[in-house]
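Engineer: Here is the input, now give the coordinates:
(chains A, B and C)
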Amino acid sequence: MNLILKVWRQKGAGSPGRFVSYQATNVSPDMSFLEMLDVVNEGLIARGEAPIAFEHDCREGICGSCGFVINGVPHGPRRGTTVCQLHLRTFEDGDVLTLEPWRARAFPVLKDLVVDRAALDRIIQAGGFISAPTGSAPDANALLIPKDDAERAFDAAACIGCGACVAACPNASAMLFTAAKVSHLGLLPQGQPERWDRARDMVRAMDRELFGSCTNMRECEAACPKEISIAFIARLNRDLVKASFQPRRAAAAAGV
Amino acid sequence: MSAVAALWSTSIGKKAVMAVTGIALVGFVILHMAGNLKIYLGPEHFDAYARGLRALGEPILVHGQALWSMRLILLAAVVLHVVAAVQLTQASWAARPVAYTEKEAVAADYAARTMRWGGVIVLLFIVYHLLHFTVGVVGYAPGQFQEASVYRNVVNGFRVWYVSAFYVVAQAALGLHLYHGVWSMFQTLGMNARGNGFYRGLAVVAAVLVVVGNVSIPLAVLGGLVN
Amino acid sequence: MSTETAVRPREGALDARIPSGPIERMWERHRFEMKLVNPANRRKYTILVVGTGLAGGAGAASLGELGYDVKCFSYHDSPRRAHSIAAQGGINAAKNYRNDGDSVHRLFYDTVKGGDFRAREANVYRLAELSVNIIDQCVAQGVPFAREYGGLLDTRSFGGAQVSRTFYARGQTGQQLLLGAYHALERQIAAGTVRMFPRTEMLDLVVVDGRARGIVTRNLLTGAIEAHAGDAVVLATGGYANVFYLSTNAKASNATAIWRAHKRGALFANPCYTQIHPTCIPVSGEHQSKLTLMSESLRNDGRVWVPRRAGDTRPPGQIPEAERDYYLERKYPTFGNLAPRDIASRAAKEVCDQGRGVGPGGRGVYLDFADEIRRQGEDKIRERYGNLFDMYERITGENAYRVPMRIYPAAHYVMGGLWVDYDLMSTIPGLFVGGEANFSDHGANRLGASALMQGLADGYFILPNTLGDYLARVTPGGDDTRAAAFDAARRQVQDGIKRLLSINGSRSVDSFHRDLGRVMWELCGMARNDAGLRKALVEIPALREDFWKNVRVLESGEELNQSLEKAGRVADFLELGELLALDALQRTESCGAHFREESQTDDGEARRDDERFAYAAAWEHTGNLSQPRLHREPLVFEHVHLATRSYK
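Structural biologist: You can find the predicted model right below:
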């Protein structure tokens, strides 16, 4: 099959960008989308043109490296699928596809389709953890956790940190990401002692990173390759409101 | 920092303020609509209702005190709601300085996508509505507006077809705003214990009630049912 | 052929510095005998940790907690992307929560036996011992392991183990464990004890006065070549399975850090021990860029078969029961479809070599769930493997509830790596190696659910202790990078990059990598023989020569340049591939994942040669890639008696 790609090309963080059209000719429907880009890049290299930079690593939908917008939809049209697991059989011969990087002030474009998502790490640094120094743990079965709680915590913990929620959100909000992490830890008994500080500190960090605010559009949930529910956003909202009425712990939030 | 100030300083906190003021405003809109329907009982009932509102709370309160208190509360709610909305919107617009060339809405419905401009329309409508039915400085021939004859004012006001048309359009905007807003309220306050369908249902009921109730009046006037 | 000289060992065996005393008390005693660094002095010591997977992430976080000054490096944009994240199945621990006869000693025994008696007993015992602490640690961090309705942890049996000791978190155990380590690491970054350098690739090791004293890195965004000094260096940079080009490893997984350390003097042990995983989705065409693993747990309920007749192209549904060959059940009646990875992989290759493979290209076998769907119902199967079936569908477009899955072995994991002693220190003092990057614990074959265990044992519990012992014996050196060795290493890295950019040949980096992969897979893959290996030893250097003449790397070194990154890694694979083949050539026995066709029993099973090969082969770089020097660490088995593995 043949495809026409309109790809955002941008040499570096400060440079202007523009769309450039490329042909992907004689590609197989069994190829993954990234394999198709590999083929296009091989062609570009052969012609002496710079290959398209895009981030990827595991190519099995778990590392969260990959991601760009295909025809206005992060990770492309297939639900619950990262772009590395999206296969060309999803498209029709002759389709014209626009490839654009995640767009958000908090995710500056570094090159072509590669953006900087360090803001997400900084949100985690603000409190996305349980303080459990190595070696201090009690026996694993000393703590009973109802199966349903563990399962719900897992649903939230499935987040791969790809940033598609931010990319999809009309407000470029990172609420789904933050909510997933706050909920993962807040749903478990181990996470209770730091629960309120965690919610407060992570939301503050999120705001500091200049993400937009949630208007409940549900685009994040639809774009999330792990199909994380916005019910976790409701949970974060609740936790944050409650947290505002809780006294702060005396110790520093992120200390040893 | 007090809890409320702490809340207001975060994006989620501002949303919570919007949700709480939203509850007040939705409550008002529903009661207002219910009161409006008294117009179908005829001029005596309707004008008595209007007078009753001013006399609310007597003799403990002085005449008009309850009404003005409510007006002030509503005004405060509107101001907080709008200020929070403006600040959050500014932050959100700034959060994506470079727009997508192509962006498809996968999940967001029309109501969700038009929330902000719908809100602006509703706000402009409120201003017009107050100038129209409360103050009487727009939409009437000179001298036509009589503060005590509320029923007359409504009938005369809606007889102008384009004024009625504007009301119908504004109510549609209000309906969409309520449909997304009421559901959002629960989401924003984290009240999701009963499953998404329940809150969607509530939002539909609130929006339909308000729109149908309110729109029926200009249509009834134009149709000659109320005169 | 130069291999005659290459295999001649230097006098004197390698000393693994195994503590004395009974194996059960060894680690405890060793910890007591270690020197400690005064807590107030710890921040004066700088530790450079390269890699943020289970071993590196857990290690950096734990060292930071102890108060050392830690600098942590990753070529990813975030520590959370390390390839540990992709491990599916689970993590072993000798908790004996099931009361099914498990114990530290049994896990130790199983691991030594599973490694086909080519691992160091002392290290394996310690691993089994620490396994229980790992689960405790991870639960405390909030890892959402699978649970029973009563709230206790659930376990399953995995990869041929007869006890239920594998803890798991759906099919994403690696992800959840890595997130636990990542959270701990981010906590230390926030606390200021760890400084993180993302998008920073280590390109050389700096050795000063015989000690590892620093690294040279390239900032992948700006291209800046920087030197970092430390009092010790930890490499936790994963394995080199991408030497096969097609593997289940992430695309960027590479050997550069350990290979360049090897060229600076660290011995490289057992490079030929490469594990081929039996249950991967087959290659679909020339464009294939990587292979996807389907969790081994599928073999609990799926039956593996091929048509009896070669060249049978009927769709699976039309092949009657009598014309199917359930070859694993036939050959290994006791273990059947759960035969260990190496055995299941070779059996698949064998039937495909006979022309009985299925699917496009004929390199595939069926993994059929029809019987179990009939017996337990589709819902039960969906509940257990739903996400795997979905993944299979996304990749192949086929519904495995209706038609059997097609699977084929793929390179997956490497047991080989830098040689380390009991303290996980390489032959360069101050250079420590953890996780898949070292060779320590799995012998010639790794059991399922043991990689996560090893990575975390190294990171959380071993390195933080043994590094302290090393550091207590040296004076803190500060962050001075003015030593001549730093300059030399920096210049060498810069020259290497300049050279890659200046060739401007006609072929892409990927095309060379693909060619190397083909040679490695065909000649040094699942089955190896003398002639094939000698052929590989001609082809690999030739390909390497061609690479340095004909590779085309566009753009500059002062920007994000993914081709340049790849070029450096492929250049190293082109060297490592040769060592792998040399190692496979010298080891004329079959053991674990290393199968020499010359060394098999009459019915085609691997035949070990303990008389001649009960050693770890540690190679020294001599400056001549084709003539490395072999050192042997004899392996002594005092607790697990040498026996032939039998899974019949």
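
Engineer: hang on, isn't residue B:91 packed against residue B:11?
Structural biologist: Yes - counting by Cβ atoms under 8 Å, residue B:91 touches residue B:11, with 6.7 Å between them. Yep, even glycine has a C-beta here, placed from its N, CA and C like the rest.

Engineer: When those two are compared, which one has more neighbours?
Structural biologist: Between residue B:91 and residue B:11, residue B:11 has the larger neighbour count (other Cβ atoms under 10 Å in any protein chain shown), namely 24 against 19.

Engineer: Mind listing the shared neighbours of residue B:91 and residue B:11?
Structural biologist: Residues touching both residue B:91 and residue B:11 (Cβ atoms under 8 Å, 6 or more residues apart in numbering or on different chains): residue A:213.

Engineer: Residue 207: neighbouring residues, count only.
Structural biologist: Just so you know, I chose chain A. By other Cβ under 10 Å, the residues close to residue A:207 number 21.

Engineer: nope, chain B
Structural biologist: Going by other Cβ under 10 Å, the residues that sit close to residue B:207 add up to 24.

Engineer: Buried residues of stretch B:81-90, list them for me.
Structural biologist: Neighbour counts over stretch B:81-90 (16 or more other Cβ atoms under 10 Å in any protein chain shown) mark B:81, B:84, B:85, B:88, B:89 as buried.

Engineer: Closest to residue C:54 out of the residues you listed?
Structural biologist: residue B:88 (40.3 Å; Cβ to Cβ).

Engineer: Quick check: the closest one touching residue B:11?
Structural biologist: Yes - the pair residue B:88 / residue B:11 is scored as a contact, 6.4 Å apart, by Cβ under 8 Å.

Engineer: Overlap in contacts, the two.
Structural biologist: In terms of Cβ under 8 Å, 6+ apart, residue B:88 and residue B:11 are both contacted by the residues residue A:213.

Engineer: Show me the helices in chain B, by range?
Structural biologist: B:3-8, B:11-36, B:43-55, B:65-94, B:110-113, B:115-129, B:150-159, B:161-188, B:196-222 (DSSP state H).

Engineer: need these in CSV with distance to residue C:210 and mean pLDDT, can you?
Structural biologist: Shown next, in CSV, are these (distance: least, Cβ to Cβ, whole Å; pLDDT from 0 to 100):
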stretch, distance to residue C:210, mean pLDDT
helix B:3-8, 57, 90
helix B:11-36, 56, 97
helix B:43-55, 93, 94
helix B:65-94, 56, 97
helix B:110-113, 66, 95
helix B:115-129, 67, 96
helix B:150-159, 96, 95
helix B:161-188, 63, 97
helix B:196-222, 66, 96
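
Engineer: In a markdown table: these, plus distance to residue C:411.
Structural biologist: Formatted as a markdown table, these follow (distance: least, Cβ to Cβ, whole Å):
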| stretch | distance to residue C:411 |
| --- | --- |
| helix B:3-8 | 54 |
| helix B:11-36 | 47 |
| helix B:43-55 | 80 |
| helix B:65-94 | 47 |
| helix B:110-113 | 48 |
| helix B:115-129 | 52 |
| helix B:150-159 | 78 |
| helix B:161-188 | 47 |
| helix B:196-222 | 45 |
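
Engineer: And the ones you listed: which comes nearest residue B:143?
Structural biologist: Closest approach to residue B:143 among the helices of chain B is made by helix B:150-159 (11.0 Å; Cβ to Cβ).

Engineer: Next, the buried residues of that closest one.
Structural biologist: For helix B:150-159, by 16+ other Cβ under 10 Å, it's B:150, B:151, B:153, B:154, B:155, B:156, B:157, B:158.

Engineer: And that helix, how far out from the chain middle?
Structural biologist: 20 Å (Cα atoms, centre = their mean, to the nearest Å).

Engineer: Surely residue C:638 is in contact with residue C:121?
Structural biologist: Yes - Residue C:638 lies in contact with residue C:121 (Cβ under 8 Å); the separation is 6.7 Å.

Engineer: Wait, residue B:55 touches residue B:62, no?
Structural biologist: No - if you go by Cβ under 8 Å, residue B:55 and residue B:62 don't touch, sitting 10.1 Å apart.

Engineer: Which one's more surrounded, those two?
Structural biologist: Neighbours were counted for residue B:55 and for residue B:62 using other Cβ under 10 Å; residue B:55 has more, 15 against 10.

Engineer: can you list the domains in the chain?
Structural biologist: Going with chain A. As given by automatic domain parsing, the domain ranges for chain A are A:3-111, A:118-244.

Engineer: To clarify, I was referring to chain C.
Structural biologist: With domains defined by automatic domain parsing, chain C comprises C:3-273+C:415-471, C:277-410, C:484-621.

Engineer: give the contact list for the residue in chain B positioned nearest to chain C.
Structural biologist: Per Cβ to the nearest Cβ, residue B:106 is where chain B lies closest to chain C, at 18.3 Å. Shown in contact with residue B:106 (Cβ under 8 Å, 6+ apart): A:73, A:168, A:219, A:222, A:223.

Engineer: helix/strand/coil for residue A:196?
Structural biologist: Following DSSP: H, G, I helix; E, B strand; the rest coil, the label given to residue A:196 is helix.

Engineer: what sits against it?
Structural biologist: Going by Cβ under 8 Å, 6+ apart, the list of residues near residue A:196 reads A:239, A:242, A:243, A:246.

Engineer: Put together a markdown table for these, with distance to residue C:384, secondary structure and pLDDT on each row.
Structural biologist: What follows is those, written out as a markdown table (distance: Cβ to Cβ, whole Å; DSSP: H, G, I helix; E, B strand; the rest coil; pLDDT from 0 to 100):
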| residue | distance to residue C:384 | secondary structure | pLDDT |
| --- | --- | --- | --- |
| A:239 | 33 | helix | 97 |
| A:242 | 37 | helix | 95 |
| A:243 | 38 | helix | 94 |
| A:246 | 41 | coil | 86 |
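
Engineer: Can you narrow the residues you listed down to the ones near chain B?
Structural biologist: Near chain B, judged by Cβ under 8 Å from any Cβ of the partner chain, the entries from those are residue A:239.

Engineer: Is it possible to get a markdown table of the contacts of residue A:196 that adds neighbour count and distance to chain C?
Structural biologist: Formatted as a markdown table, those follow (neighbours: other Cβ atoms under 10 Å in any protein chain shown; distance: Cβ to the nearest Cβ, whole Å):
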| residue | neighbour count | distance to chain C |
| --- | --- | --- |
| A:239 | 24 | 15 |
| A:242 | 15 | 20 |
| A:243 | 25 | 18 |
| A:246 | 14 | 20 |
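
Engineer: out of the contacts of residue A:196, who's nearest residue C:293?
Structural biologist: Taking Cβ to Cβ as the measure, residue A:239 is the one of the contacts of residue A:196 closest to residue C:293, at 36.7 Å.

Engineer: thinking again about what came up before, higher neighbour count, residue C:638 and residue C:121?
Structural biologist: residue C:121 (20 against 9).
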